[in-house]
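J.: My questions are about this predicted structure, shown below with the sequence.
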Amino acid sequence: MRARALAAAALVALAGPAAGQGDPLSAIDWLSRSIATPAALAPGGAVPGSGAGRGIVTEPVSVAPLDGPQPDAAGLLSPAITGLPRDLWGTTPHETVVELIGAERLEAVPALQELLMTLLLAEAVPPAAAAADGAAPGERLLLARVDKLMSLGALEPAAALLEASGAPSAEAFRRRFDIALLLGQEDAACDELGRRPDIAPSFKARIFCLARSGDWAAAALSLETGIVLGHIGGADAELMARFLDPDLVELDPGLPPPFPMTPLTWRILEAVGEPVSTATLPLAFAQAELRDNVGWRSRLEAGERLARTGALSANALLGLYTEGRPAASGGVWDRVAAVQRFDRALALGPADELAAALAEVWPRMVAAGLEVPFAELYGLRLQGAGLHGDVAATAFEIGLLSPDYEAVALAASPEAGRDAFLAALARGTLGAPGAPPPPQGSLPAAVAAGMTAPALPEGLAPLVAEGRLGEALLRAMAQIAAGMTGEVRAVGEGLALLVHVGRADTARRAALQLLLLDRRG
């Protein structure tokens, strides 16, 4: 077979030098090299082996009419839905917005993750910006938002945002290509690559797509050409040769995983029978484990990772937990069994069985960092279930971590102490006469100060006055997150900002999560 002969010849050619291929701009370093940089193009402007009719301009050119669409302005959520003004960014410098989005680390506070997701998906007039670092005019903020969504594992919203933007650039396509690979939609990605004569596919991407389409001979010829011209070599060339000829795996099994792992390399390794676990890879890779052809345990572990950032809904996680009977014991299987027992007890069992099931499942959810998804599912349903003692106190705290925290607090009547403070926080009455004082500790004191502050914090007030609301929100969220690592005073200032700009619900939920989860490192 000609394809096998060419693949074998390609392996022989590996002894020759291979030129490096530069990476296009990216805030995340694991995007696939699905497009060729100008250095990788042939002198005439076409990718060798790309076939007729696929001439490529050797320098990136971006043309945007002054009154044309602005990719940076695209969003999935209108101001009517978000409650945010369309001029969200005001006069904030473009680079500042991009840097703040990239720097946000909100993993410990789910309410802030939700607000960040809203900001990333909001329709808004973009700040003024010029093209730089390889990005087309008017899309650097778009790419920063997409990159953050991808880093959170939210691939479907990222793909929808790219589609809504209509951004035609190579950098936008590069992200669409990788999202499609991870969601199991590689054929659609390859079809788009074939329809885009303005994009030069890298040899690796071209070989992959040719093979997917069944043109193995053209794929092998592209591999041989790429090696001879020095555009593909080393481990990449060996991997692609194995991809084209599985018999080569039997002759010399085992390849060290490349670093960084890209979605394209990950899919090719999977195809040659050498899959790499996504457990230690960036969160976006976990989405690939949710495909129907993946084993239940891998889907469970990936689903839990994604649920922690809100990239997988609580209901979807419950669907994974209740898909079948646990296949073994230990680790994720113990959580599956505990959730299933609890779910049955809540629906059918008497109060003593429910109490026992809750006492078993809740510590497992806490250990896995899945308290908030669990609370979203069961927080309200646990109230009034006839529980007593310590288990009833646990059910109360779970209710406060749910979206129905205020209803839970209004139905409770703690008279004093920590529970009374938490109830007042959830009701929004901390500043009312006779409100309970915060329990001992710097964090409760900071929360109380922030939720009852009479004015905007001094450091953030000028941003709000200048109409730079988006920047103020990003900085406030960063301050609250910083409090989880010891800067407790900043927590109060961040919460105060949220309260005074109309995000009191987010502030209360974030404060409750800070106190009840308390994951300070």
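T.: Nice, thanks for sending it over. Only a predicted model underlies this, so the values are computations on that prediction, with no experimental measurement involved.
J.: C-alpha only now, for contacts and for neighbours.
T.: OK.
J.: give me the number of residues near residue 151?
T.: 18 (other C-alpha atoms under 10 Å).
J.: Sorry, wrong one. I was asking about residue 128.
T.: What residue 128 shows, counting by other C-alpha under 10 Å, is a neighbour count of 14.
J.: Could you list the low-pLDDT ranges of the stretch 1-150 of the chain?
T.: Along the stretch 1-150 of the chain, the model assigns pLDDT under 70 to residues 1-27, 37-69, 129-137.
J.: pLDDT score assigned to the residue nearest the centre of the chain?
T.: With distances taken as C-alpha atoms, centre = their mean, residue 152 lies nearest the centre of the chain, 1.6 Å away. pLDDT recorded at residue 152 is 96.
J.: got it, and the one 5 residues further on?
T.: In this prediction, residue 157 carries a pLDDT score of 98.
J.: ok, now which ones touch it?
T.: By C-alpha atoms under 8 Å, 6 or more residues apart in numbering, the residues touching residue 157 are 121, 149.
J.: For it, give its distance to residue 163.
T.: 10 Å (C-alpha to C-alpha, to the nearest Å).
J.: Repeat that for residue 235.
T.: When residue 235 is compared with residue 163 (using C-alpha to C-alpha), they lie 34 Å apart.
J.: what about these two, which has more around it?
T.: Using other C-alpha under 10 Å as the criterion, residue 235 and residue 163 rank with residue 163 on top: 17 against 14.
J.: Tell me which helix or strand comes right after the helix or strand containing the more buried one.
T.: For residue 163, the enclosing helix or strand under DSSP states H and E is helix 155-165. Next along the chain after helix 155-165, taking DSSP H and E as the criterion, comes helix 170-182.
J.: list the helices and strands the very next helix or strand once past that next one packs on?
T.: Downstream of helix 170-182, the next assigned helix or strand under DSSP H and E is helix 186-194. Where contact means 3 or more C-alpha pairs under 8 Å, 6 or more residues apart in numbering; DSSP states H and E, helix 186-194 is packed against helix 170-182, helix 203-212.
J.: Can you check what angle separates the first one from helix 203-212?
T.: Between the axes of helix 170-182 and helix 203-212, defined by axes from the mean of the first three to the mean of the last three C-alpha atoms, to 10 degrees, the angle is 50 degrees.
J.: Helix 170-182 packs against which elements?
T.: helix 155-165, helix 186-194, helix 263-271.
J.: in the longest one, what's buried?
T.: Within helix 155-165, the residues that qualify as buried by neighbour count (16 or more other C-alpha atoms under 10 Å) are 155, 156, 157, 158, 159, 161, 162, 163, 165.
J.: Looking at the residues you listed, spot the one nearest residue 427.
T.: Minimum distance to residue 427 across the buried residues of helix 155-165 is 32.4 Å, recorded for residue 157 (C-alpha to C-alpha).
J.: In contact with the residue nearest to the centre of the chain, which residues?
T.: 283, 284, 306, 309, 311.
J.: Ok, residue 277 next?
T.: So residue 277 contacts nothing (C-alpha under 8 Å, 6+ apart).
J.: ok, back up a step: export the helices and strands packed on helix 170-182 to a markdown table and tack on distance to residue 121?
T.: Formatted as a markdown table, the helices and strands packed on helix 170-182 follow (distance: least, C-alpha to C-alpha, whole Å):
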| stretch | distance to residue 121 |
| --- | --- |
| helix 155-165 | 7 |
| helix 186-194 | 23 |
| helix 263-271 | 24 |
